[in-house]
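Novice: how would this look folded up:
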Amino acid sequence: AIPENRFVLLTVRNLVPRMGLDRLVLAMQAAAMKIPQIFLVIGGHGPLRDELQALVNHLGLQNHVRMAGFIPEDTLACYYQMADLFVLPSLDLEGFGMVTLEALACGLPVLGTPVGGTREILTRWDGRFLLSDSRSETLAQGIIECHRRLDVRAGEAAEISRSCREFVERHYSWDRNVAALESILAGVRRPPLEPRIVLRAGEARR
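Specialist: Now for the predicted structure:
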């Protein structure tokens, strides 16, 4: 269970170097100094699990970071709903960004690095949540700014959550994607075939 009255960050990643999770853990050290109630849940499995846990222990972040292991698809939505912010600290090779859309569809704002599909999605949704780079210092500052922005007392958190869902419904719903695909296919018409000229033997030399 997640401790009560925490500002909960969530990331669900393969625990491999390109995901930048070590930088996120480092960022938590600085963020925790400004936000004592911050709590990060790292979902996923991979070869860096022990290394990341060792880093958490070394930095004394056991009360601020939890390695949740693999999160099954049927419980992932529950994690999205209990979190306040989803964080994508990817360094490179980020694909379309399905996990970004999943989080947004659940009303969960996403803070991400400018890598792959994350850049396009966050630019279109709300550029304030797109980081300038993937340094741990930048991640920490972004988290601190998001905490201020999502403070329920400021009244903006509910509006941001609503905008997450509306953005996905408007731009990435099945109906929208099917209509876009049909439009593309309608524009891809094969040119009419030129009539074939069949030459009988000897006509080519005339």
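
Novice: In a strand, Val8, correct?
Specialist: Yes: assessed by DSSP: H, G, I helix; E, B strand; the rest coil, Val8 belongs to a strand.

Novice: Counting neighbours, what do you get for it?
Specialist: 18 (other C-beta atoms under 10 Å). For every residue, glycine as well, the C-beta is placed using N, CA and C.

Novice: shouldn't it be in contact with Gln81?
Specialist: No: Val8 lies out of contact with Gln81 (C-beta atoms under 8 Å); the separation is 10.4 Å.

Novice: What's the separation between the closest residue to His64 other than its chain neighbours and Leu26?
Specialist: Spatial nearest neighbour of His64, chain neighbours left out: Ala32 (5.0 Å); criterion: C-beta to C-beta, 6 or more residues apart in numbering. The gap separating Ala32 from Leu26 is 11 Å, by C-beta to C-beta, to the nearest Å.

Novice: Over to Gly127?
Specialist: From Gly127 to Leu26 the distance is 25 Å (C-beta to C-beta).

Novice: tell me, what residue is most central in this protein?
Specialist: Against the mean C-alpha coordinate of the chain, by C-alpha atoms, centre = their mean, the closest residue is Thr100 at 3.1 Å.

Novice: Just the element for that one, please.
Specialist: If you go by DSSP states H and E, Thr100 is part of helix 98-105.

Novice: Tabulate the CA atom coordinates of that helix in PDB.
Specialist: Output of helix 98-105 as PDB, limited to C-alpha atoms (Å, rounded to 0.1, in the frame of the first residue of the first chain):
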ATOM      1  CA  MET A  98       1.600   4.300 -25.600                       C
ATOM      2  CA  VAL A  99       2.300   4.400 -21.900                       C
ATOM      3  CA  THR A 100       2.000   8.200 -22.100                       C
ATOM      4  CA  LEU A 101      -1.400   8.000 -23.700                       C
ATOM      5  CA  GLU A 102      -2.600   5.400 -21.200                       C
ATOM      6  CA  ALA A 103      -1.600   7.700 -18.300                       C
ATOM      7  CA  LEU A 104      -3.300  10.700 -19.900                       C
ATOM      8  CA  ALA A 105      -6.400   8.800 -20.600                       C
END
